[in-house]
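In: Here is a sequence together with a model predicted from it:
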Amino acid sequence: MKIALMMENSQAAKNPMVAGELNAVAGGLGHDVYNVGMTDENDHPLTYIHLGIMASILLNSKAVDFVVTGCGTGQGAMAASNLHPGVVCGYCLEPSDAFLFNQINNGNAISLAFAKGFGWAGELNVRYIFEKAFTGERGVGYPIERAEPQQRNAAILNQVKAAVAKDVVSSLKAIDQELVKTAVTSVQFQECFFAHCQDEAIASYVRSLIES
């Protein structure tokens, strides 16, 4: 699995620690991790709004399979991600959240709070969240006696989102293009995206923004 880590300006200083924990857990399980920014406080500036755009482009183009995002509370990054078609982002404050999202909702992104409640042993909480997010069979259900309705409802939710959302390029074009351009200008984002993108329509659109 290809996993993208993305963090916004207020919490960029924590990126090396978070990236280290994610690489230790997910990399140790054989997954590829791409740190698409911000890698520190001087990196290409991003807000949680940009993170949602980046998640949409990376997931819908199949450049990555999963996104780890977050902000001070984790709420903004989750809301910004779930605005977009093809993105199902869960809110994880503790390891049990990651386990239950994995088992019940089987989404493709998680949002963490990197300021709220992030005190002593914060790095351990992040590590254990990643362990629960990337181990075990996904979408099995919990508790097991509720597996069938949970799987059915998760599928229905995906169908509803697909029905009400625009196609990816149309949705991106409906946004302020300066926002989208800022989101795709990060060097790390471009390296990950263009190396692994499987959708030429999205790739062509991103190129047009970069070249404009």
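Out: All right, it came through fine.

In: C-alpha only now, for contacts and for neighbours.
Out: Fine.

In: Would you mind listing the buried residues in stretch 108-123?
Out: Across stretch 108-123, burial judged by 16 or more other CA atoms under 10 Å covers 108-115, 123.

In: and these, which of them are in strands?
Out: Residues of the buried residues of stretch 108-123 located in strands (DSSP state E): 109-113.

In: In CSV, list these along with distance to His196.
Out: Conversion of those to CSV gives the following (distance: CA to CA, whole Å):
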residue, distance to His196
Ala109, 18
Ile110, 21
Ser111, 23
Leu112, 25
Ala113, 28
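
In: With distance to Phe99 and pLDDT added, can I get those residues in CSV?
Out: Shown next, in CSV, are those (distance: CA to CA, whole Å; pLDDT from 0 to 100):
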residue, distance to Phe99, pLDDT
Ala109, 13, 98
Ile110, 11, 98
Ser111, 13, 98
Leu112, 14, 98
Ala113, 16, 97
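
In: now the strands: where do they sit in this structure?
Out: Using DSSP E, strands in the chain cover 2-5, 32-35, 66-71, 89-92, 109-113.

In: And the residue nearest the centre of the chain?
Out: Val67 (2.6 Å; CA atoms, centre = their mean).

In: quick check, nearest of the ones in strands among the buried residues of stretch 108-123 to Glu200?
Out: When these are compared for distance to Glu200 (CA to CA), Ala109 wins out at 22.7 Å.

In: what's the longest helix in this structure?
Out: For the chain, the helix that runs over the most residues, judged by DSSP state H, is helix 147-164.

In: which residues are in contact with that one?
Out: Under the criterion CA atoms under 8 Å, 6 or more residues apart in numbering, residues 85-86, 104-106, 139-141 lie in contact with helix 147-164.

In: Redo those residues as JSON lines? Include neighbour count and distance to Gly20.
Out: As requested, the contacts of helix 147-164 are arranged in JSON lines below (neighbours: other CA atoms under 10 Å; distance: CA to CA, whole Å):
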{"residue": "Pro85", "neighbour count": "22", "distance to Gly20": "30"}
{"residue": "Gly86", "neighbour count": "22", "distance to Gly20": "28"}
{"residue": "Ile104", "neighbour count": "22", "distance to Gly20": "27"}
{"residue": "Asn105", "neighbour count": "23", "distance to Gly20": "26"}
{"residue": "Asn106", "neighbour count": "23", "distance to Gly20": "24"}
{"residue": "Gly139", "neighbour count": "18", "distance to Gly20": "27"}
{"residue": "Val140", "neighbour count": "19", "distance to Gly20": "29"}
{"residue": "Gly141", "neighbour count": "21", "distance to Gly20": "30"}
